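Enquirer: Pasting a predicted model and its sequence here:
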Amino acid sequence: MVAYLDVAATTRVDPRVADVVLHWMTEDFGNAGSRTHEYGARAKKAVQEARAFLAATVGAKTEEVIFTSGATESNNIALLGIAPHGEKHERRHIITSAIEHKAVIEPLLHLQSKGFEVDFLEPGLSGRITTEAVLEKLRPDTLLVSLMHVNNETGVIQPVAELAEELRKTPTFLHVDAAQGYGKIPQDLKAPIDMISISGHKIGAPKGVGALVTRRRGWDKAPLEPIMFGGGQERKLRPGTLPVPLIMGLYEAAKAFQEGQARWAREALAMRERMLTALGATRFHINGDADHTVPHILNVTFDGLNAEALIVRLKDQVAVATGSACTSASYTPSHVLTAMGLPEEVATNGLRFSWFPSQVADFDPEDLAATIARMQPAASA
């Protein structure tokens, strides 16, 4: 059986979650906006319970959570929704990193085309943006800093909690794309981050559901305007009938992940150590700061091997990727590894392994390493 080592792209839906989703699709199938009958009332109550739980996981208030179709939509609402405030107050400067997901980079490039000035910070070989680097770029007209929590290709953790504390002393807002970090490093997201994007399908929930947390500063709400119109069901920021089954699936997945997080972290780290020990039989190097990374993502380049060819060779053993699933159709060098200053040969051939321990219990990293070692050319003298 092929071992699934691509959870950074998506996870299998937890069977408990699937049962919950099915229940809300086939039994309690009411519209949460229906006010005239019990079906709608039950759906509305369930959504509010889910909202309260998700808010608590990041130390926010219930009313500060809106449900979306996923982190990409949440990112767009946060970034494009705050732009009118910047235009109104002559604050058109934004700071971000060159290693963000395309779901952040592309909306910011759109704003750049509309007259905003965007600084794309490069992290260097560590793959980690420092708080000092961000603060050095801060200006009186800086509207927003957008920095991801965990990089989706390298697994490197960014200092979002530390940055949040610093930016709370300023009028600059902080947005964090937490698609990869939500649930895995829970304490970070309890820092005073103004806006947090959450994805469900990275923690065992179905695809197509996520959330945006919009924290108040005192009594002041994040100054967002909607980017879509047609009902305004979610705090007038996000229109459309709420997908109650998906929301309840996200709720169930978040509960399950929270309950098992400590065990997950231990076992994910143990698998990482097994992987690194086994790969000692090959010639490789890790891309990104190994001291500041999540336990379940490992990005490596193997000397003398083409990543695409290696993926084809390994397809009967493991499911892996070269980087973001959103750009995997392109064989160009990884924009993340390139921004880190790695040579083109390395940036083109980085391979990302990512796992949930419970889903790879029978996987033997030594078999994987043996295959790779056989493919590697002999080391030059």
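Expert: Sure thing, it's come through.

Enquirer: quick one: secondary structure of Ile94?
Expert: Following DSSP: H, G, I helix; E, B strand; the rest coil, Ile94 is assigned to strand.

Enquirer: Can you give me the neighbour number for it?
Expert: The number of residues packed around Ile94, counting by other Cβ atoms under 10 Å, is 26. The C-beta positions use only the backbone N, C-alpha and C, and glycine is treated the same way.

Enquirer: ok, now Arg216?
Expert: 13.

Enquirer: Also Ile286?
Expert: 17.

Enquirer: Then the one 5 residues further on?
Expert: The tally of other residues near Asp291 (other Cβ under 10 Å) stands at 9.

Enquirer: hang on, it is in a helix, isn't it?
Expert: No. Asp291: not assigned to a helix; according to three-state DSSP it is coil.

Enquirer: where's it relative to Thr322, distance?
Expert: Counting by Cβ to Cβ, to the nearest Å, the gap from Asp291 to Thr322 is 24 Å.

Enquirer: so what does the helix or strand harbouring Ala41 touch, helix or strand wise?
Expert: Using DSSP states H and E, Ala41 falls within helix 38-57. Helices and strands touching helix 38-57, as assessed by 3 or more Cβ pairs under 8 Å, 6 or more residues apart in numbering; DSSP states H and E, comprise strand 65-68, strand 210-214, helix 244-279.

Enquirer: Between these, which one is closest to Asp6.
Expert: Closest of the helices and strands packed on helix 38-57 to Asp6 is helix 244-279, at 14.1 Å (criterion: Cβ to Cβ).

Enquirer: buried ones in the closest one?
Expert: Buried residues in helix 244-279, counting neighbours by 16 or more other Cβ atoms under 10 Å, are found at 244-257, 264-265, 267-268, 271-272, 275-276, 278-279.

Enquirer: swap in stretch 77-95?
Expert: 77-83, 85-86, 91-95.

Enquirer: contacting residues around it?
Expert: By Cβ atoms under 8 Å, 6 or more residues apart in numbering, the residues outside stretch 77-95 that reach it are 66, 68, 104, 107-108, 110-111, 114-119, 121, 134, 137-139, 141-146, 171, 173, 175, 195, 197, 212, 214, 222-227, 237-238.

Enquirer: Can you report how many residues lie near the residue nearest to Ala60 when sequence neighbours are not counted?
Expert: Spatial nearest neighbour of Ala60, excluding adjacent residues (Cβ to Cβ, 6 or more residues apart in numbering): Val213 at 5.1 Å. Counted with other Cβ under 10 Å, residues neighbouring Val213 total 27.

Enquirer: just checking, Val213 touches Met195?
Expert: Yes. Val213 is within contact range of Met195, at 6.5 Å (criterion: Cβ atoms under 8 Å).

Enquirer: Where do the strands of the stretch 101-250 of the chain begin and end?
Expert: 117-121, 142-146, 173-177, 195-199, 210-214 (DSSP state E, counting those that start in this stretch).

Enquirer: List the buried residues for the first one?
Expert: Buried positions in strand 117-121, judged by neighbour count with 16+ other Cβ under 10 Å: Val118, Asp119, Phe120, Leu121.

Enquirer: Surely the third one and Ser97 touch.
Expert: So that's Phe120. Yes. With contact defined as Cβ under 8 Å, Phe120 reaches Ser97; the gap is 6.5 Å.

Enquirer: and for those two, which residues touch both?
Expert: Ala339.

Enquirer: Any stretches of the stretch 201-350 of the chain with poor pLDDT?
Expert: In the predicted model, the stretch 201-350 of the chain carries pLDDT under 70 at residues 323-331.

Enquirer: quick one on the thing from earlier: would a markdown table of the helices and strands packed on helix 38-57 with distance to Met25 be doable?
Expert: Below are those laid out as a markdown table (distance: least, Cβ to Cβ, whole Å):
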| stretch | distance to Met25 |
| --- | --- |
| strand 65-68 | 16 |
| strand 210-214 | 19 |
| helix 244-279 | 5 |
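
Enquirer: Now do the helices in the stretch 51-200 of the chain.
Expert: 71-81, 83-88, 102-113, 131-137, 160-167 (DSSP state H, counting those that start in this stretch).

Enquirer: I am finished for the moment; much appreciated.
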